[in-house]
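Engineer: A predicted structure for the sequence below; I have some questions about it.
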Amino acid sequence: MERLIRTGKVRTYSSAEITHSRIGIGFEKLDRGMFDPEKAYDQVAATGAKWVRIQSGWARTEQEKGVYSFEWLDRIVDNLIRRGMQPWICLCYGNGLYDEEAAKIFGAVGHPPRTEEQYRAWDRYIKAVVSRYRGKVQWYEVWNEPDGVWCWKTGPNGTDYGHLVLRTAKAIRAADPDAKVIGGSQCLFGLAWLHDVLATGAGKVMDAFSYHNYAADERGLPALVAGSKALLHQYNPAIKLIQGETGTQSRSGGAGALNPGAWTPLRQAKYMARHTITDFMSDIMFNSYFSCMDMCEALDGIVGNISTRKDYGYFGILAAEFDEDGIASGNFTPKISYRTFQVLCSVFQGNFEKIDLPLNFRPHSASPRAMFQKEPESAEMMFAGFQNAGGKAFAYWKPVDLLRETYAGTCTIHTCMKDKVRLVDLLDGSVYELPQEMDGIHDSTLYKGSREFLHLPLLDYPLLLTFGDFCSIDLNP
């Protein structure tokens, strides 16, 4: 990057300053009280995140049959809305008042209603939640990761989940006809399971379908999402897609997805940038990064045995300290990924669309920046074009294995676009102009008249070429 001319940085905005966004963050596990939200609200709002996923906590809310104590959830919803964020609620989990097996599990995780008595209690609870937040919350998700045994402990079954969606959607709309139903929360991309869900008729009552993605390699994700989307649209062409969870850890030795890997704070930030752009390649309604802070996973805790829920996860954009009960507390400290998330929220705020741009890669056979090795072909890269009211942008990167490699090379791009060009580093928000020797009109016979960006930096995370005013910039900060 040293050849470029640094001219400023991305102007960042708080959630209250952003009117519309397709980027969100997870604020989950408060149904089990796994972190202190009071210390998190302002820091999360400062990122510019708009959508915030929270969990409803049936077991925490109804501890006496028919009596609902929503005060804890009221505080969360109101604090988020007050700071310009939009909560969406994952309706979960079970309740030990109606299920002896659920009573043994911390938070009743993974125990959906099965008997008619349990379903009637669930119906009443759903109506109470939706009535409570009518006018504040519009989008409700049915359960969490029902295709995983950790969240459906009786054994994942698409037909059973489909019936839960149908029943829950009916209760949601009875309480608020304007509410929207999100099905899925699927984590394994199994088409057979999804087919069984849809065969119940559940697709017809879904406004959106959410999926989770914890793949270390993002290259295959657009194809996986496309396959699910095709099946969903056979049953309901109007279903929108939501990426409801993705993320990785900032260190090894934690619990949860991808935990064996040699993750670092820098690798976590690169993963975030790569996956966010990949999400946008699938034309999603919005995405959600997991999560706001480090916290215990708490999916398999046994009631009365604190040690069984002290399974520390390090997915947060905020680092946390943990008390003796495994609760994230103390000081919440921003990681590298916090800044990356803030940059992404500000750059990709508002309405934008994925488009094909009139440019292509023209690899040089001998890049001086790589000791005269050939530059990579387009097939070796990930890239996507975008457009908003202010301009266009082109994100590109070399998708090497983050756990085994780093990459810093060059690429050359030809285009006929004449707009002012800048290069944005999505990791830290630095903005650069290209020196004259890197931005010129090609004079060879074959490419005569085309604009050539010669030997641009090519890294193992997305850089963004902007044309016009795609994002706001603070010059010479």
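Structural biologist: Looks like it came in fine. Numbers count the residues shown, from 1 in each chain.
Engineer: ranges for the strands of the stretch 101-250 of the chain?
Structural biologist: All strands of the stretch 101-250 of the chain, identified by DSSP state E, counting those that start in this stretch, fall at 139-142, 180-186, 208-213, 240-246.
Engineer: out of those strands, which comes closest to S14?
Structural biologist: S14 sits nearest to strand 139-142 of all the strands of the stretch 101-250 of the chain, at 21.7 Å, using Cβ to Cβ. The way it works is simple: take the backbone N, C-alpha and C, and place the C-beta from them, glycine included.
Engineer: Just checking: what are the partner strands of that closest one?
Structural biologist: Here strand 139-142 has these sheet partners by DSSP bridges: strand 86-91 (parallel), strand 180-186 (parallel).
Engineer: could you dump these to a markdown table with mean pLDDT and distance to G440?
Structural biologist: Shown next, in a markdown table, are the strands paired with strand 139-142 (pLDDT from 0 to 100; distance: least, Cβ to Cβ, whole Å):
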| stretch | mean pLDDT | distance to G440 |
| --- | --- | --- |
| strand 86-91 | 99 | 45 |
| strand 180-186 | 99 | 48 |
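Engineer: Can you tell me which of those is nearest to G155?
Structural biologist: Closest to G155 of the strands paired with strand 139-142, according to Cβ to Cβ: strand 180-186, at 15.8 Å.
Engineer: send the alpha carbons of the closest one over as CSV?
Structural biologist: Coordinates of the C-alpha atoms in strand 180-186 are reproduced here as CSV (Å, rounded to 0.1, in the frame of the first residue of the first chain):
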residue,chain,number,x,y,z
LYS,A,180,-43.1,-10.7,9.6
VAL,A,181,-42.1,-14.3,10.0
ILE,A,182,-38.6,-15.6,9.5
GLY,A,183,-38.2,-19.4,9.2
GLY,A,184,-35.0,-21.5,9.0
SER,A,185,-32.2,-20.3,11.1
GLN,A,186,-30.6,-23.2,9.3
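Engineer: just to revisit the earlier point, tell me which of the strands paired with strand 139-142 sits most buried.
Structural biologist: strand 180-186 (a mean of 25; mean count of other Cβ atoms under 10 Å).
Engineer: re earlier: mind checking the strands of the stretch 101-250 of the chain for the one nearest to L80?
Structural biologist: Distance to L80, taken as Cβ to Cβ, is lowest for strand 139-142 among the strands of the stretch 101-250 of the chain, at 13.3 Å.
Engineer: Contacts made by that closest one with the rest, please.
Structural biologist: Contact with strand 139-142 is made by 53, 88-91, 129-130, 164-165, 168-169, 172, 179-185, 207-208, 210, 244, as judged by Cβ atoms under 8 Å, 6 or more residues apart in numbering.
Engineer: May I see the strands paired with strand 139-142 arranged in CSV, with distance to F315 as well?
Structural biologist: Shown next, in CSV, are the strands paired with strand 139-142 (distance: least, Cβ to Cβ, whole Å):
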stretch, distance to F315
strand 86-91, 16
strand 180-186, 17
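Engineer: what's the closest of these to F106?
Structural biologist: With respect to F106, and counting by Cβ to Cβ, the nearest of the strands paired with strand 139-142 is strand 86-91 at 17.1 Å.
Engineer: so L403 touches L258, yeah?
Structural biologist: No - at 9.1 Å, L403 does not count as touching L258 under the criterion of Cβ atoms under 8 Å.
Engineer: Identify the contacts common to the two.
Structural biologist: Taking Cβ under 8 Å, 6+ apart as the criterion, L403 and L258 both touch A216.
Engineer: As PDB, could you dump the C-alpha coordinates of stretch 311-324?
Structural biologist: Output of stretch 311-324 as PDB, limited to C-alpha atoms (Å, rounded to 0.1, in the frame of the first residue of the first chain):
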ATOM      1  CA  ASP A 311     -17.500 -22.800  27.400                       C
ATOM      2  CA  TYR A 312     -15.900 -19.600  26.400                       C
ATOM      3  CA  GLY A 313     -16.400 -18.300  22.900                       C
ATOM      4  CA  TYR A 314     -14.200 -15.500  21.400                       C
ATOM      5  CA  PHE A 315     -16.400 -14.400  18.500                       C
ATOM      6  CA  GLY A 316     -17.000 -10.800  19.700                       C
ATOM      7  CA  ILE A 317     -15.900  -7.600  18.100                       C
ATOM      8  CA  LEU A 318     -15.500  -6.600  21.700                       C
ATOM      9  CA  ALA A 319     -13.200  -8.500  24.000                       C
ATOM     10  CA  ALA A 320     -14.600  -9.300  27.500                       C
ATOM     11  CA  GLU A 321     -13.500 -10.400  30.900                       C
ATOM     12  CA  PHE A 322     -15.400 -13.200  32.600                       C
ATOM     13  CA  ASP A 323     -16.600 -13.500  36.200                       C
ATOM     14  CA  GLU A 324     -16.600 -16.600  38.300                       C
END
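Engineer: mind listing what's buried in that stretch?
Structural biologist: Buried residues in stretch 311-324, counted by 16 or more other Cβ atoms under 10 Å: D311, Y312, G313, Y314, F315, G316, I317, L318, A319, A320, F322.
Engineer: Mind checking which of the residues you listed are in strands?
Structural biologist: Y312, G313, L318, A319, A320, F322 (DSSP state E).
Engineer: Quick check: nearest residue in space to the second one, chain neighbours excluded?
Structural biologist: Nearest in space to G313, with sequence neighbours left out and distances taken as Cβ to Cβ, 6 or more residues apart in numbering, is G256 at 4.2 Å.
Engineer: What is the burial count for that neighbour?
Structural biologist: Neighbourhood size, G256 [other Cβ atoms under 10 Å]: 21.
Engineer: repeat for S378
Structural biologist: Using other Cβ under 10 Å, S378 is surrounded by 14 other residues.
Engineer: same thing with the one 4 residues further on?
Structural biologist: The tally of other residues near M382 (other Cβ under 10 Å) stands at 18.
Engineer: One more: P358?
Structural biologist: Neighbours of P358 under the rule other Cβ under 10 Å: 12.
Engineer: is it true that L465 lies in a strand?
Structural biologist: Yes - counting by DSSP: H, G, I helix; E, B strand; the rest coil, L465 is part of a strand.
Engineer: what bridges to it?
Structural biologist: Bridge pairing for L465 - DSSP bridges - gives F394, L423.
Engineer: now do the one 10 residues further on
Structural biologist: Each beta-bridge partner of L475 is listed here: G8, as defined by DSSP bridges.
Engineer: ok, now E353?
Structural biologist: Beta-bridge partners for E353, by DSSP bridges, are Q387.
Engineer: Would you check which pair of the ones in strands among the buried residues of stretch 311-324 lies furthest apart?
Structural biologist: Longest span within these, Cβ to Cβ: Y312 and L318, 14.1 Å.
Engineer: Can you pull up the most central residue in the protein?
Structural biologist: The chain has S288 as the residue nearest its centroid, 2.6 Å off, counting by Cα atoms, centre = their mean.
Engineer: Looks like that one contacts M272 (just checking).
Structural biologist: No - contact status for S288 versus M272: not in contact, 11.9 Å apart, counting by Cβ under 8 Å.
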